[in-house]
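Undergrad: Next come a sequence and a model predicted from it.
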Amino acid sequence: MAYQLLKYALGGEYKEPRFFRDCQTPKKSYDAVIIGGGGHGLAAAYYLAKDHGITNVAVLEKGYIGGGNTGRNTTIVRSNYLTPDGVNFYDASVKLFEGLSTELDINLFYSNRGHFTLAHSESAMRTMRWRAEVNKHVGVKSRVVGTDEIAKACPQMDLSCSGKSPIQGALYHEPGSIARHDAVAWGYARGADSMGVEIFQNTEVQGIDIKDGQVQGVQTSRGYISTGKVLSAVAGFTPRICKMVDLKTPIVIHPLQACVSEPMKPWLDTILVSGSLHVYVSQSSRGELVMGSSLDPYEFHSTRSTFDFVEGLTSHIVDMFPFLSNVKIVRQWAGMADITPDFAPIMGMTPIKGFYLDAGWGTWGFKATPISGKTMAHTLANDKPHDLIHSFRLSRFEEYELTGEKGAASVGH
Amino acid sequence: MKLLNCPVNGVRPLSEFIFGGECREMPNPETSTDLEWASYVHYRDNAPGIKKEWWYHSPSGTWFIAERNTLSDEVLSTYLHGKAPAKNTKEQSA
Amino acid sequence: MSMRLPKQVGEWIKRDKEIHFTFEGQEYKGYEGDTITSALLAAGVKVLGRSFKYHRPRGVLSLANHDINALVTDGMDTNIRADVVTLSNGMQLKAVNTDGGVIKDKSKYIDSISPLLPVGFYYKAFHKPASLFPFWEKVIRKAAGLGIVNFNYPRINKRKLNAFCDVLVIGAGPSGLSAAISAAENGLEVILVDENQQLGGSLTYDYAGEEAAQKVLSDLVKRVSASSNIKVYAGAYAAGYYQDHMVPVVAADGITKVRAKAVIAATGAFEQPPVFHNNDLPGVMLGSAAQRMMHRYGVKPFKTGLVFTANAHGYRVALDLLKAGVNVSAIVDLRAEGQQDTQAIELANKGVKIHTGYCVYEALPFKGKLGVAGALICPYDEATATADVKQAVKLDCDGIAMSAGWAPAGALLYQSGMGVVYNNDIQQFVPNRLPKGVFAAGRVNGAFALEARVSDGLRAAAEVANLLGKSVKAQSVMPHQGTSPSHPYPFVHHPKGKNFVDFDEDIQIKDFINAAKEGFDNIELMKRFTTVGMGPSQGKHSNMNAIRILAKIRNLPVEKIGSTTARPFFHPTPMGHLGGRSFHAHRLTTIHAWHQAAGAAFVDVGAWSRPAYYQKAGLSKVEIVQQESLAVRKAVGMIDSSTLGKVEVCGPDAAEFLERFYTGVYRDQKVGRSRYVMLLDELGVMVDDGIATRIGQEKFFVTISTANAPAVYREMQRWLQVWKLNATLINVTSAYGVINVAGPKAYQVLSKLVTIDLSEDALPMGRSTEAEISGVPVRIVRAAFVAKEAYEVYMPSGYALNIWKLLLEAGKNEGICPFGTDTQRLLRLELGHPLPGVDTDGLTNPFEMRAEKALEMDKAFFIGKRSLEIIAKKPLNKALVPFVLPADYKGELPQDCNLVIESGAIKGRVTSVAFSPSAGRVIGLAYVAMHQAQLGNIFEIRTDNGKIAKATVVHAPFFNAE
Amino acid sequence: MTELIKTSPVIGAQKKMNPIMGVHQGMEVALSFVDQKIEKKHQAILGVTDVSCFARFAIKGAKAAEWLEKQGIKTPEVVNAWLEGAPGTMVLRLGNTEFLVEDQATGNACTKLHAFDQSNTQDAYQVARADAAFILSGSEVLNLLSELCVLDLRDAALLNNALVMTQIAGISATLVRESLAGEQVYRIWCDSTYGAYMWEILIEIAQELGGGAVGLTCRFQ
């Protein structure tokens, strides 16, 4: 039994400190204000303090920390992207994740499961090889595997998918992992708080004050805060924040839904994703199957659930795993995904001096939490974009320099 | 499942429709600057609010415009492109 | 020993129908109508399961699917809800989540080390040193989960139906029944849903020792069955509320998706357990559970018991217990003022000792915590919520009934967008804002007295009727009278804890206090940190208590705490039900049956199933494809191209439409001529290509690649609306079959079937002509996609199969060879034709494809032109080039998507590659950096195994390159 | 030169049930499935008949209605409606400006219409179509449709001469209710290339509900 637990047995009174202070009244001014108390915002605050010694920072959260997409995603961490820039960026994130439990001294249940992207057609197989070749090139462990290897990793799956769309192979990504998403936010919050960062929950940003193209401060439900640097890390709320500073982006908001089954004894050890069946599934440490699907088909700025989603998802899950017919779905929910046209984030500087953007995370934000925090902190601290995020700059659209991640989109999915 | 009122076929479940994105005015390609054109093709008026959107009723092949509140998902009216707005009713058409 | 009572009025069991089953290896019998749990209780079995975390013995709590104490497996299925699943003959049942049986469970030691495992302990352990986590993870994962999944469980396709009504009434208690009847009488079409097998809700168990409720019930049920306007779904639950009043109703045999014009939620309330030490022992149960046992199943809950209460309901329970012959040793009432109503007086007269201002301090277990041996009761100060232990008295009993309050079953109302306020008279959240067409009635709406619930149902029904265009008189409901049905703080703190709030997750009062101490002191964070309400019963018995505790901790009114969002589903719902009969729509050409008979290997292209090649015994796919391709090069082959998208563009503006839609020029195109068409999107990205044939002054016939056809046709329709041109689009994709006859002998074969002259002079490349085959009008187009000598034959699709057969017959001597899409891919590659989606990706522009010749940049407008003008100003950084490998190349064959590498950097990728028997070497298309693109340049391809293949840039077509 | 015959778009799926095939309206179709008695029973419970062979003529454009009237074919006044435009001939108005004319077992209007050349008619363009068409009959037909279609198709909701373009089993289809030899039946048209899929779904559910395939002969004897 892990020794950390003994302290609870000995000594009656429970002496665990608060994870973070209960901040109520902001100071007049901060060196930097971060909008959004999700994983990304809190990570940025943490690295601002830790890597750059900037601790006079306020994190403003409209609701409660980790209550947005950080607490709504399906917790998959991977780096098997299509462009070298994408792979390098997410690989750096994976490496940070691997040491994060120790660094933040909180068990994130970072669980390396291996990740299969299933291909049901030859065109899908082509994309798998494309990704595998690029991944190999930059030293990330991904390779194209045949059905035999899939069967070995998940013997329970019906590889013919009930005869409807037989699996031809997969992209196997060894580093693929899952983690306890809430704990990531809590860990960063605690870390940032302990270095002096102030986290304000139930604090809404109502306006951003700009003079001659330079950020002056933010108007909040707890009063005005003056600052020269504002980072927006609000995912699905990005359009609302950008409207405050009259900044145009290509982002569109679509709900992304997920659901979870009742807990059962562990049987699914890997992470499975099927592009053509629009399914991703893994089994959490609680024993629940955590399942997601593709984006909702139209723009909507809300987190309501639809029945269509769960009907479509379960019919495909049952095609893959007929024996789950009578396993029950306990709960479904939704998040607001901020989608970009080239399926890559929008990070870094903007035409407005002192206004920094960490957005466009669509369906892939959780896995980038540590690296987005680290690179955005670097960008704020030095007022120049971190090398890893150069190709994610907002100006790429006007420059017709979209990232190649879009490439895969139209190639057999 | 959400219901949507096709101006030709009446109220139908969303599964019969395809979302066609925001209905936007194209700037004059001859007179617009490169930057104006680039922002037309790439950027969106993406803050929540009442939007004019393209919707397609698949079974009948009908494109039409829906004025929809993207925050509440309430549809204010639907009409054929270029036709005068018709009141959005929810009686089952037949 | 049997706990079965003599026949009860209105009981649900059929005593003349015995059912035999086993539980944990023991044989038992029950009656038809019993649930698994009721039959076990009748047989005197108290321990039904083990808890999720601490493996504590558990018995009945709600007997209503508001908890998961009793989860069993029958070897086939798992996590069966024993409280509500009806018994059937031959069931062989075991409790889930035990290690060696529900009594001997080897994991029960965890309960004794539970002090080691405070709330959220797992966030603070096992991660140091990191190297050990994988080990701990295995341990933890093994402990997690409930039942074991049976991998041999058969696939079940339940039917999913759609139903429609004016008003959907959810819940058939007094308010729901009254609402349904009244709505029906107002001429509305009603669907009435209740999760229980029988209608009546609390009227089927809450008797207070009388039979009045029975009479009310039988009257209401009579009127329901008499009404032709009411359709009843019993034993079916409303799983969730979805937009525009869609409510899926889940029954054993499938789901009915009900679309209503209005919804009345008469969903009642869940009884909430008061919280005290050992409140989870088998034998400690909710008062309503005890009542369900007695009145529905004729089972005595215990022999000697006491009632721990804080409301009037406890007294009604006590009367029911007395009536059933239970020795009620005491009523322990948390409230100093107790209860002053007829029931209280009656009980006093019957000699039941009533301790007001008292609490049950702890339930005393007997050996192994397998049951209740007694209870320690003592005075309780409501103001400070403290128990005076010094004055504790021990009472002997084998059971405790708990009635301290209720939580509204408001999940569906929350999902519909309900707003709530906290009503202090009844200590309960009640709706203060409901969306249009959604109504609440009964206890969920704060009406508790029977009369109030009935009139509240009538009130809701009247409002619905008026909303739906009837005009009926509004109904009033009198406000709540008497004591509050719920106690604001029914919690008895205890140094030893084990006073459970959430039975699914083994969460105790101190877990909340500690979570708050660590900063998780708003309801959502607390939920996530403690996992309260996240178990399979979704907080039905725990969320309200969690809110009350947090309110106390933060010293705020309950209202300020708010509540967590109630997401679907109301009860966990099987995936087989939700998935239903999963449809897999697919398209087939008229010739499909022939392809199958001929042994085609099929490939999915969009919704279509197409032959990739025709299998031949003893030959590999590659060999077959090469054979088929050689047949086309040397003699003649034919392919079923009916899946091509086909559109007729008619009208005066037909040419103008094409000029705007596609990149080329069509204005001056002559009738009977074909031209290449290329479609871009507004970003200038290549989307699709095809052929446009002018078949009349005002009529073009356009082809679209198979997979893109639906999307491209939609875009045509949209742009036509925007441009307001006088043209009509006709999608004739399925109306015409297409057979492509290709190869040097194609002319000979086809000429046997048509009378007209097909010679090179009469019908050169890019020409088309009308003709007849056996009296069937066909169109023949000379297009060079797979071979120079190729004829695309278009015919009404009904004739395609028979014309296909005619061609086979006609081509016998020439050795005509049917071929599939894989061969087509090789053939077009030999001609150097790029394929959209294969040799292009989501960003490819025509310059990169070196397809400038397809662009008429002098035109005023075409889709994407303006973006191309911008792109043209930027340096081009890659280009698509045809390449060959040396004829003597012996290395690993490169694959599509292998990378082009130069001095360790990615410069491009192979998009198509194959061995061409005609060219006698490996040929392909690849994107390379501009400086690598000129003719004769040699570049390097890295194959799968990391070897380098040297490729040379050449001219296409390949097969006659040199 | 011998006249070729057409083949029903569902012929592949039907042949698995080895029916007696025959030619009707120049198309090879299933005339009967095994036993007439059983087919009659199916027809009463839930009978599915392939009538893809019925002759059809379709026309689209602003002047389409006008053109049809000129040929003596009545057309529905309102959109998405149908009527008997000539003896034994159904005229379906699909949306605003498209019409489908279909000869029933006894009708014969389409041949004439096809003969007529409208290559130089403006705003009225003949539409080449290939439909898979079915008749559904019997006491369980609404039960089947309630699984395949999300619309309320009960008598009160679907008026007698109404036509709906909707989705059935997930694909686009046109549906009407008509009275055939005294019984209320539903007619379904869908793209011929989905015909086999549609047939298989209809038969699968029909058989679950105690019905099945009904041949042309049994249906129209």
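TA: Thanks, I have the structure now.
Undergrad: hey, what's C:Val793 bridged with?
TA: Beta-bridge partners for C:Val793, by DSSP bridges, are C:Ile739, C:Ile780.
Undergrad: any idea of the pLDDT on it?
TA: You'll see C:Val793 listed with a pLDDT of 98.
Undergrad: cool, and C:Ala208?
TA: pLDDT, read off for C:Ala208, is 94.
Undergrad: got it, and the one 4 residues further on?
TA: Model confidence at C:Ala212, given as pLDDT, is 84.
Undergrad: how close does it get to chain B?
TA: Plainly put, C:Ala212 is 43 Å away from chain B if you go by CB to the nearest CB, to the nearest Å. (C-beta placed from N, C-alpha, C; glycine too.)
Undergrad: what sits against that residue?
TA: If you count contacts by CB atoms under 8 Å, 6 or more residues apart in numbering or on different chains, C:Ala212 has none.
Undergrad: For the chain, give me the ranges with low pLDDT.
TA: Because you didn't say which chain, this covers chain A. A:1-14, A:407-413 (pLDDT under 70).
Undergrad: other chain: chain C
TA: C:960-962.
Undergrad: what about C:Arg548, how many neighbours?
TA: Neighbour count for C:Arg548, taken as other CB atoms under 10 Å in any protein chain shown: 25.
Undergrad: The residue nearest to it when sequence neighbours are not counted in helix, strand or coil?
TA: Among residues not flanking C:Arg548 along the chain, C:Tyr489 sits closest, at 5.8 Å (CB to CB, 6 or more residues apart in numbering or on different chains). When classified by DSSP: H, G, I helix; E, B strand; the rest coil, C:Tyr489 comes out as coil.
Undergrad: Thought C:Lys552 was touching C:Tyr489, still the case?
TA: Yes: at 6.1 Å, C:Tyr489 counts as touching C:Lys552 under the criterion of CB atoms under 8 Å.
Undergrad: For the two, list the residues in contact with both.
TA: Overlap of the contact sets of C:Tyr489 and C:Lys552 (by CB under 8 Å, 6+ apart) consists of C:Ala385.
Undergrad: Pull the distance from the helix or strand bottoming out on mean pLDDT in chain D to the chain's centre.
TA: Here the helix or strand of chain D ranked lowest by mean pLDDT, DSSP states H and E is helix D:109-115, holding a mean of 89. How far helix D:109-115 lies from its chain's middle: 18 Å, per CA atoms, centre = their mean, to the nearest Å.
Undergrad: and that helix with chain C, contact?
TA: No: judged by CB under 8 Å from any CB of the partner chain, helix D:109-115 and chain C are separated, with a smallest distance of 10.9 Å.
Undergrad: Summarise which helices and strands the helix or strand just after that helix is packed against.
TA: Sequence-wise, the next helix or strand downstream of helix D:109-115 (DSSP states H and E) is strand D:125-127. For strand D:125-127, the contact count by 3 or more CB pairs under 8 Å, 6 or more residues apart in numbering or on different chains; DSSP states H and E identifies strand C:728-731, strand D:56-60 as packing neighbours.
Undergrad: pLDDT (mean, whole number) over the longest one?
TA: Yep, that's strand D:56-60 we're talking about. Taken as a whole, strand D:56-60 carries a mean pLDDT of 96.
Undergrad: export it as CSV, just CAs?
TA: Provided in CSV are the C-alpha atoms of strand D:56-60 (Å, rounded to 0.1, in the frame of the first residue of the first chain):
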residue,chain,number,x,y,z
ARG,D,56,-43.1,6.8,-65.7
PHE,D,57,-42.6,10.1,-67.2
ALA,D,58,-41.2,13.1,-65.4
ILE,D,59,-40.8,16.7,-66.3
LYS,D,60,-39.3,19.7,-64.5
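Undergrad: ok, B:Ser39 - contacts?
TA: A:Lys248, A:Glu398.
Undergrad: In contact with C:Ile624: list those residues for me.
TA: Neighbouring residues of C:Ile624 by CB under 8 Å, 6+ apart: C:Tyr613, C:Tyr614, C:Gln615, C:Lys616.
Undergrad: do D:Ala206 as well
TA: Taking CB under 8 Å, 6+ apart, we find D:Ala206 in contact with D:His42, D:Leu46, D:Gly47, D:Val48, D:Glu140, D:Leu144, D:Gly212, D:Ala213.
Undergrad: circling back: in JSON lines: the contacts of C:Ile624, plus secondary structure, neighbour count and distance to chain B.
TA: Below are the contacts of C:Ile624 laid out as JSON lines (DSSP: H, G, I helix; E, B strand; the rest coil; neighbours: other CB atoms under 10 Å in any protein chain shown; distance: CB to the nearest CB, whole Å):
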{"residue": "C:Tyr613", "secondary structure": "strand", "neighbour count": "26", "distance to chain B": "33"}
{"residue": "C:Tyr614", "secondary structure": "strand", "neighbour count": "18", "distance to chain B": "34"}
{"residue": "C:Gln615", "secondary structure": "coil", "neighbour count": "14", "distance to chain B": "36"}
{"residue": "C:Lys616", "secondary structure": "coil", "neighbour count": "12", "distance to chain B": "40"}
